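> my questions are about this predicted structure, shown below with the sequence.
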Amino acid sequence: MPDFHFSLSTDPLDPARAIAAVTRPEAGGIAVFLGTTRGETHPTLGPLLHLDYHAYPEMAEKETRRLFAQAADRWPVLAAAIHHRLGAVPVGEPSIVIAVATPHRADAFAACRFLIDELKKTVPIWKREHYQHSARWQAETTDHVAPGK
Amino acid sequence: MPDFHFSLSTDPLDPARAIAAVTRPEAGGIAVFLGTTRGETHPTLGPLLHLDYHAYPEMAEKETRRLFAQAADRWPVLAAAIHHRLGAVPVGEPSIVIAVATPHRADAFAACRFLIDELKKTVPIWKREHYQHSARWQAETTDHVAPGK
Amino acid sequence: MIVRVRFFAHMAQHARNLAGPHADNSQIDVPDALPLADLPDLLQQRFPGLPWPTSTLLAVNQEYLPPTYLLRPGDEIAIIPPVSGG
Amino acid sequence: MIVRVRFFAHMAQHARNLAGPHADNSQIDVPDALPLADLPDLLQQRFPGLPWPTSTLLAVNQEYLPPTYLLRPGDEIAIIPPVSGG
């Protein structure tokens, strides 16, 4: 199994650290993804100030390692790193950095894309949107079962 | 037209500089690609020591800007940076860093992938492979017209 | 039998509001070998009015498990509303 | 008329070996309004034995141009063997 580096931290993320963690002499390409807090303005809640990320940390790591194992099965991954920030992430700053090294670039892009897409579906991390006039959990804005059901 | 940052330099590349150049509050995703010198051993020429990159600099910039304009036509690119290293690039170090910021991640991946794929086809930069026992231009190893033709 | 139940995001906030400061991570008495599929109804009785997103998933001991799983004493069950990391 | 011709990679090395240290970037006398398509043959006569990759492209004033382009005085023509940047 190739190297996998995972971290959750309230410190600002350093993409150079994720890149260094996956750099290998056998690599021909490193694909990196940064997800950043996008500044936007809600019609009634006002401008977004920051996103606030919370995790179920033990499971977030376990689930992310499972996704990494799937990626390593599908593509010739030499090493990968996923660093997710928790707590407040201001507009313009990254909440996640994913770096994947492979011998050839197409695989690096595919595996990196797979990891961010799957992470967003299953890894237990939640964001709370802090607007100027109010805050709300992203999960609050989805459909709910009828009360009493 | 969104911001585009291009450089050719014999200095080691700093991915953080490319990422900083494209960071925007409107960005939700930044896709980054690093092409790195892959260590390999040729059956007769021995281990690869480094790659040596040369450019037709005026045209390399013009052609890369043309590719960027195509990318900005196809995807909602906020900013992009392409930094290519020239001269000797040792095994494990990047010869190119491409960073692309877009509002949503699928576009960042697509535009970044487009830029590296097209750059490799048309931008006038050439590498010379320095093996332990000999050096050769990559272009030398392709088919040539018959002498005297 | 006793199992541990953990809530997250807005569900954690509501659980605390409904049942006290530790209600988002507490031990609960449930019938022996309760199928995982039956836990949501039981929790909605214990926490009346708790918001429950339609695509909420259940994890046991840090792993998504099928609704047919039969709970065991000491299991840690996490109620996972739609995730939004990345 | 006079145009400038530039060679790169191994073609530059061979041009220098064949015709002196500046032969990879030199002024050359060509017929007026020579179609770009006719330049390779003319260069292969001037530089006998110059290796010429089959997929070599021609650029004029830092831009790939079609073979029908008619050369003008002062044009800078670059002979672009298969590129390998990135």
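Cool, the structure landed.

> out of everything not next to it in sequence, what's closest to residue 71?
You didn't say which chain, so I picked chain A. Nearest residue to A:A71, sequence neighbours excluded (C-beta to C-beta, 6 or more residues apart in numbering or on different chains): A:A111, at 4.6 Å. For every residue, glycine as well, the C-beta is placed using N, CA and C.

> actually chain C
Spatial nearest neighbour of C:L71, excluding adjacent residues (C-beta to C-beta, 6+ apart): C:L34 at 4.7 Å.

> what mean pLDDT does the host helix or strand of the residue nearest to A:A71 have?
For A:A111, the element it lies in under DSSP states H and E is helix A:105-122. Averaged across helix A:105-122, the pLDDT comes to 98.

> try stretch A:17-33
98.

> just how off-centre is it within its chain?
Mean-position distance between stretch A:17-33 and its chain equals 17 Å (C-alpha atoms, centre = their mean, to the nearest Å).

> local confidence estimate at the residue most central in space within chain A?
Centroid-nearest residue in chain A, with C-alpha atoms, centre = their mean: A:I96, separated by 4.0 Å. For A:I96, the pLDDT comes out at 98.

> quick one: contacts for it?
A:13, A:33-35, A:82-85, A:116, A:119, C:85-86 (C-beta atoms under 8 Å, 6 or more residues apart in numbering or on different chains).

> what's the nearest residue to whichever residue of chain C sits closest to chain A if we skip its chain neighbours?
Using C-beta to the nearest C-beta, the closest approach of chain C to chain A is made by C:G85 at 2.8 Å. Spatial nearest neighbour of C:G85, excluding adjacent residues (C-beta to C-beta, 6+ apart): A:I125 at 2.8 Å.

> does A:K62 count as helix, strand or coil?
helix (DSSP: H, G, I helix; E, B strand; the rest coil).

> for chain B, what are the nearby residues on chain A?
Proximity of chain A to chain B (C-beta under 8 Å from any C-beta of the partner chain) is limited to residues A:14-16, A:19, A:23-36, A:38-39, A:91-92, A:94, A:101, A:103, A:105, A:108-109, A:112-113, A:116.

> go again using 6 Å as the cut-off
For chain A, the contact set with chain B under C-beta under 6 Å from any C-beta of the partner chain comprises A:15-16, A:19, A:23, A:25, A:27-36, A:38-39, A:91-92, A:109, A:113.

> please, a ChimeraX command that selects the buried ones among the residues you listed?
To isolate the buried members of these in ChimeraX, using 16 or more other C-beta atoms under 10 Å in any protein chain shown:
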select /A:15,19,23,27,28,29,30,31,32,33,34,35,36,38,39,91,109,113
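
> coming back round to it: how far off centre is the helix holding A:A111?
Averaging C-alpha positions (C-alpha atoms, centre = their mean) puts helix A:105-122 10 Å from its chain's average.

> which parts of it are buried?
Using 16+ other C-beta under 10 Å as the test for burial, helix A:105-122 gives A:105, A:107-116, A:118-120, A:122.

> so who does the residue in chain A that chain C sits nearest to touch?
Nearest residue of chain A to chain C: A:I125, at 2.8 Å (C-beta to the nearest C-beta). When contacts are counted by C-beta atoms under 6 Å, 6 or more residues apart in numbering or on different chains, A:I125 touches A:53, A:55, A:60, C:83, C:85.

> look up phi and psi at the closest residue to C:P35 other than its chain neighbours.
Distance criterion C-beta to C-beta, 6+ apart; nearest residue to C:P35, sequence neighbours excluded, is C:L70 at 5.8 Å. Recorded main-chain torsions at C:L70 are phi -100, psi 120, according to degrees, to the nearest 10.

> ok, now C:T68?
Dihedral angles of C:T68 (phi, psi; degrees, to the nearest 10) stand at phi -80, psi -10.

> dig out what the nearest residue in space to C:N61 that is not next to it in sequence forms beta bridges with.
Nearest in space to C:N61, with sequence neighbours left out and distances taken as C-beta to C-beta, 6+ apart, is C:E76 at 5.5 Å. Beta bridges link C:E76 to C:R4 when assigned by DSSP bridges.

> helices along the chain, start to end?
The chain I'm using is chain A. Taking DSSP state H, the helices of chain A run over residues A:15-22, A:57-74, A:105-122.

> look at chain C instead
Taking DSSP H, the helices of chain C run over residues C:9-19, C:39-46.

> how about the contacts made by A:E40?
Contact analysis of A:E40 by C-beta under 6 Å, 6+ apart lists A:L48.

> look up phi and psi at it.
Main-chain torsions, A:E40, degrees, to the nearest 10: phi -150, psi 160.

> and the residue of chain C nearest chain B?
Closest point on chain C to chain B, by C-beta to the nearest C-beta, is C:G86, at 8.4 Å.

> now A:H42, nearest residue through space, not along the chain?
Leaving aside its chain neighbours, A:H42 sits nearest to A:Y131 (5.4 Å; criterion: C-beta to C-beta, 6+ apart).

> go ahead and confirm C:I28 touches C:R6.
No. Using C-beta atoms under 6 Å, C:I28 is not in contact with C:R6, being 10.5 Å away.

> who's more crowded, these two?
Between C:I28 and C:R6, counting by other C-beta atoms under 10 Å in any protein chain shown, C:R6 is the more crowded of the two (19 against 15).

> tell me the contacts of that one?
If you count contacts by C-beta under 6 Å, 6+ apart, C:R6 has them with C:25, C:78.

> contacts only, for the closest residue to A:I116 other than its chain neighbours.
Distances taken as C-beta to C-beta, 6+ apart place A:F33 nearest to A:I116, at 5.2 Å, with adjacent residues excluded. Residues near A:F33 by C-beta under 6 Å, 6+ apart: A:98, A:112, A:116, B:31.
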